[in-house]
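K.L.:
let me see the structure of the following:
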Amino acid sequence: MTGKGPGFLIRLAAIAGLLLSVILCALLIFIFLRPGRDFRAPSQDSFHRLLRDYDLVLAEGWEGSGRLHTLNGLLDKMEKSAQGVESWLSLLKRRRALAKAAPEMLIPYQEASRRAAAAFPWSEPLAAVAAASSLLGAPVSAKTAETLRTYTAIISDTQLIPLALGIGILCGDLSGPALAAERGAEVLLSGGLPLIGPGLAEGRRNRLIINLALLRLMKRDYRGAEAQIQGLSRTGITKHRTFLGEYYYDFGDPLRAAELWHELGLEAGAEEFLLRSADALWLGGRGENARTLWLALSGGSNPVPEIQLRSLYNLAASSPGAEEKRRWLGLLYRAGEEDPSIRGDPCYGYGRIAYTRDLDPYEALAILEEAPYKGALEDLEILRRRGGLWEPDRIAAETWLLLGRYPEDARLYQWAAWYFVYQRRRDDTAILIRTAGYRGIRGPWLDLSAALRDLEAGLLDEAEERLRSMDSPPWQRDANLGLILETRRAPGPALEHYETAAAGVQDRRAASRLQVRIAGCLRTLGRPEESRRALLYGLDLNPDNLPARLELRRLGE
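P.N.:
All right, here's what the predicted structure looks like:
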């Protein structure tokens, strides 16, 4: 018997292992490649199987004992197996249909929509579904509105922008231009308007166009805004052409506004448009044309009282001489005497105050106090006219009483601040500043009053700090900074501030006083000829400027 060594046994084991491997491979190939085999992942296979099961159960009807519970259970299982956006959309489509049929399924539908949007935060379709589901049921609360904004923020698909635009309207994001600009509504408007075709009423579409134009104006996109408004003007609708005129008036082309409003006034026979046209002409530098229109509107056989008042006031305000101004103001005052119904018009109140300025105090007070309608400005004018008849302490007490009658009127606080500073009533000034702060009244004049109080107390550093921190400062800011710097013997910087103040001042007497300060700085800087010219200019502005005349006399003029 021939012996078999270890090598034979090893070869036999290798052959057996090879045969076993071939058998196993054949078995696996048979299993995986048999007809009808689905290669989808187990969870995906489970999702589609549950989808088919759900549709089969729903086909038998959802009414009946336990049916809703079964259907909801299947949807919950499907949700656990959903792997992509398409799976979620299929699931949410069924939840929405079930919620529509059975209202008690609304909350599960909304919760599932939110989970889907959270799982795929950059999916626009899921965000749209979540947003739409949030609108169902209860009214939109502040919390819901914030959630909706997070959904619409990612929407850019043209098919979904109308939905986002509607949500923006429901959330109040288009309730005003400033808020709309803050919430980014321009993107929705500009993207949505081309998609909102004949299905939207023309009037509503035009209102959206106006809103878009306002948003672009706020972003200083003037050309884009004008393109929107020009398109509206071609509709021929009066209010759209009016809006175009307002755009031209506010943004640098008042003459085009005047032309447009004049056409509207003639077409519609509306004197209001003619009055606006005259205002635009005046702003555009066509003063004589404006006065011609005001003159026509102020008379006639049957003038509109409000239009007549404004025309008379404008004629008075634009009069080249004091005598003509008094004549127009007298006509305005008599118009109110003849027609008591217009006495409550603010324009009549302003005109009556201006009319009494040329009268002696007693006659002026008689007119102002007899008026059946008196507002804050009329009461202030009465107090001012009594200023020459009463002691300063009485005027200060009456000022506080006036502020008590009109506690929210910033104009009265501004006058009171000026009066207290002028009379050097530091305690009253301090109380006024605190009171204005409590009432939320703000303005550069308030900081200026505090700085003048510090100046009068000799607190130069505090006054300078207040003056330099002012926003939108009036000319007095630079005038007082110049005074502080001049006190510190810094004539060069002081001169710069005085010249800045002189460029902004409107009152000729104040401008004349500034020229005296400018002349002093120039003289200190060794520029006597320029100093002399500044003094001469100061006298041209106000021939009664005694310091300028004395300084010129000292210089040998």
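K.L.:
CA atoms for contacts and neighbours, from now on please.
P.N.:
Will do.
K.L.:
over to Ser141: give its phi and psi.
P.N.:
In terms of degrees, to the nearest 10, the main-chain angles of Ser141 are phi -90, psi 170.
K.L.:
also Arg442?
P.N.:
According to degrees, to the nearest 10, Arg442 has phi -130, psi 160.
K.L.:
give me the pLDDT value at it.
P.N.:
Listed pLDDT for Arg442 reads 81.
K.L.:
sec struct for the closest residue to it other than its chain neighbours, please.
P.N.:
Take Arg442 and drop its neighbours on the chain: the residue closest to it by C-alpha to C-alpha, 6 or more residues apart in numbering is Ala436, 7.3 Å away. Look at Ala436: counting by DSSP: H, G, I helix; E, B strand; the rest coil, its state is helix.
K.L.:
surely Arg276 touches Trp261?
P.N.:
Yes: using C-alpha atoms under 8 Å, Arg276 is in contact with Trp261, at 6.8 Å.
K.L.:
so these two - more neighbours on which side?
P.N.:
Trp261 (28 against 21; other C-alpha atoms under 10 Å).
K.L.:
one step back: and the pLDDT at the residue nearest to Arg442?
P.N.:
Confidence at Ala436, expressed as pLDDT, is 85.
K.L.:
my read: it touches Gly443, true?
P.N.:
No: counting by C-alpha under 8 Å, Ala436 stays clear of Gly443, with 9.8 Å between them.
K.L.:
more crowded one of those two?
P.N.:
Per other C-alpha under 10 Å, whichever of Ala436 and Gly443 has more neighbours is Ala436, with 19 against 14.
K.L.:
ranges for the helices of the stretch 401-550 of the chain?
P.N.:
Using DSSP state H, counting those that start in this stretch, the helices assigned to the stretch 401-550 of the chain run over residues 410-422, 426-438, 444-456, 460-468, 475-487, 491-504, 508-524, 528-541, 546-554.
K.L.:
and the stretch 101-250 of the chain, by the same measure?
P.N.:
Under the criterion DSSP H, counting those that start in this stretch, the stretch 101-250 of the chain contains helices at 106-119, 124-134, 142-152, 161-170, 177-182, 185-192, 202-218, 222-233, 238-250.
K.L.:
residues in contact with Trp88?
P.N.:
With contacts defined as C-alpha atoms under 8 Å, 6 or more residues apart in numbering, Trp88 is in contact with 79, 82, 116.
K.L.:
which element is it on?
P.N.:
Assigned by DSSP states H and E, Trp88 belongs to helix 85-101.
K.L.:
that helix relative to helix 124-134, how many degrees between them?
P.N.:
Between helix 85-101 and helix 124-134, the angle comes out at 20 degrees (axes from the mean of the first three to the mean of the last three C-alpha atoms, to 10 degrees).
K.L.:
pLDDT value on Ala131, please?
P.N.:
If you check Ala131, the pLDDT there is 85.
K.L.:
looks like it contacts Leu148 (just checking).
P.N.:
Yes: counting by C-alpha under 8 Å, Leu148 is a contact partner of Ala131 at 5.6 Å.
K.L.:
how many residues are close by Leu163?
P.N.:
For Leu163, the number of neighbouring residues by other C-alpha under 10 Å comes to 18.
K.L.:
got a pLDDT number for the nearest residue to it once chain neighbours are set aside?
P.N.:
Distances taken as C-alpha to C-alpha, 6+ apart place Ala128 nearest to Leu163, at 7.7 Å, with adjacent residues excluded. You'll see Ala128 listed with a pLDDT of 86.
K.L.:
was I right about Ala128 contacting Ala153?
P.N.:
No: counting by C-alpha under 8 Å, Ala153 is not a contact partner of Ala128; they are 10.5 Å apart.
K.L.:
could you say which of the helices of the stretch 101-250 of the chain is packed most deeply?
P.N.:
helix 124-134 (a mean of 22; mean count of other C-alpha atoms under 10 Å).
K.L.:
list the buried residues for stretch 413-422?
P.N.:
413-414, 416-421 (16 or more other C-alpha atoms under 10 Å).
K.L.:
ok, of these, which one's closest to Ala280?
P.N.:
Nearest to Ala280 out of these is Gln414 (C-alpha to C-alpha; 29.9 Å).
K.L.:
quick check: that closest one touching Asp447?
P.N.:
No: Gln414 is beyond contact range of Asp447, at 10.8 Å (criterion: C-alpha under 8 Å).
K.L.:
what sits against Trp328?
P.N.:
If you count contacts by C-alpha under 8 Å, 6+ apart, Trp328 has them with 312-313, 315-316.
K.L.:
and which of these is nearest Ala502?
P.N.:
Looking across the contacts of Trp328 and measuring by C-alpha to C-alpha, the closest to Ala502 is Ala316, at 26.9 Å.
K.L.:
roughly how far does the nearest residue to the closest one once chain neighbours are set aside sit from Leu309?
P.N.:
The shortest distance from Ala316 to any non-neighbouring residue, by C-alpha to C-alpha, 6+ apart, is to Lys325 (4.5 Å). Distance, Lys325 to Leu309, by C-alpha to C-alpha, to the nearest Å: 14 Å.
K.L.:
in terms of neighbours, single out the busier of the two.
P.N.:
Higher neighbour count among Lys325 and Leu309: Leu309, with 27 against 20, using other C-alpha under 10 Å.
K.L.:
for the protein, what helix or strand is lowest in average pLDDT?
P.N.:
None of the helices or strands of the chain scores lower by mean pLDDT, DSSP states H and E than helix 185-192, at a mean of 50.
K.L.:
same question for stretch 110-121, mean pLDDT?
P.N.:
88.
K.L.:
next: stretch 399-415.
P.N.:
Stretch 399-415 shows a mean pLDDT of 89.
K.L.:
buried set for that stretch?
P.N.:
399-400, 402-403, 406-407, 410, 412-414.
K.L.:
quick check, nearest of these to Arg527?
P.N.:
Using C-alpha to C-alpha, Gln414 comes nearest to Arg527 of those, at 38.6 Å.
K.L.:
residues touching the closest one, list them.
P.N.:
Going by C-alpha under 8 Å, 6+ apart, Gln414 touches 445-446.
K.L.:
go ahead and confirm Ala417 touches Ala430.
P.N.:
No: if you go by C-alpha under 8 Å, Ala417 and Ala430 don't touch, sitting 9.3 Å apart.
K.L.:
who's in contact with Leu485?
P.N.:
Neighbour list for Leu485: 491, 493-494 [criterion: C-alpha under 8 Å, 6+ apart].
K.L.:
among the residues you listed, who's most crowded?
P.N.:
The residue in those with the most neighbours, by other C-alpha under 10 Å, is Ala494 (25 neighbours).
K.L.:
and that one, what's its pLDDT?
P.N.:
87.
K.L.:
what residues are up against it?
P.N.:
Neighbouring residues of Ala494 by C-alpha under 8 Å, 6+ apart: 481-486, 521.
K.L.:
flag every buried residue along stretch 479-490.
P.N.:
Judged by neighbour count (16+ other C-alpha under 10 Å), stretch 479-490 contains these buried residues: 479-486, 490.
K.L.:
pick the one among the residues you listed closest to Asn545.
P.N.:
When the buried residues of stretch 479-490 are ranked by distance to Asn545 (C-alpha to C-alpha), Ala479 comes first, at 17.6 Å.
K.L.:
burial count for Gly344?
P.N.:
With neighbours defined by other C-alpha under 10 Å, the count for Gly344 comes to 15.
K.L.:
Lys77 now?
P.N.:
14.
K.L.:
would you quantify the distance from Asn211 to Leu50?
P.N.:
In this view, Asn211 and Leu50 are 49 Å apart by C-alpha to C-alpha.
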